[in-house]
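Participant: Sequence below, structure please.
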Amino acid sequence: MRRLISGAALCLMMTGALSPAYALTQQELVAKLESAGYSQVGEMKSTAEGIVVKAVKDGKEVQIVVDSSGQIKERR
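Facilitator: Purely as a prediction, here's the structure:
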């Protein structure tokens, strides 16, 4: 039974049904962004692209997208 559940979870992760970015709590996401050099992490909004976040990096306000794989990308 345990092996069946593990296999099902692995299949879901491979197909994208379980995405690491969406599994993060808000506190974990803020910690991840702060460790990447962002500060004043503010408004968060879930979109088809991922989680869109407003923050500050190097004194400039930026918009960031954290995609379903957990990658952080700045919007230009």
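Participant: Out of the helices and strands in the chain, which is least certain?
Facilitator: helix 2-15 (a mean of 44; mean pLDDT, DSSP states H and E).
Participant: A helix includes residue 45, no?
Facilitator: No. Going by DSSP: H, G, I helix; E, B strand; the rest coil, the assignment for residue 45 is strand, not a helix.
Participant: How much space separates it from residue 24?
Facilitator: When distances are taken as C-beta to C-beta, to the nearest Å, residue 45 and residue 24 turn out to be 15 Å apart. (C-beta placed from N, C-alpha, C; glycine too.)
Participant: Same drill for those two, tell me which one is more crowded.
Facilitator: The residue with the greater number of neighbours, taking residue 45 and residue 24 and applying other C-beta atoms under 10 Å, is residue 24; the counts read 16 against 10.
Participant: average pLDDT across stretch 47-54?
Facilitator: Averaging the model's pLDDT scores along stretch 47-54 yields 93.
Participant: ends of that stretch, how far apart?
Facilitator: From the first residue to the last, stretch 47-54 extends over 14 Å; the measure is C-alpha to C-alpha, to the nearest Å.
Participant: residues contacting residue 44?
Facilitator: By C-beta atoms under 8 Å, 6 or more residues apart in numbering, residue 44 lies in contact with 26, 29, 51, 52, 53.
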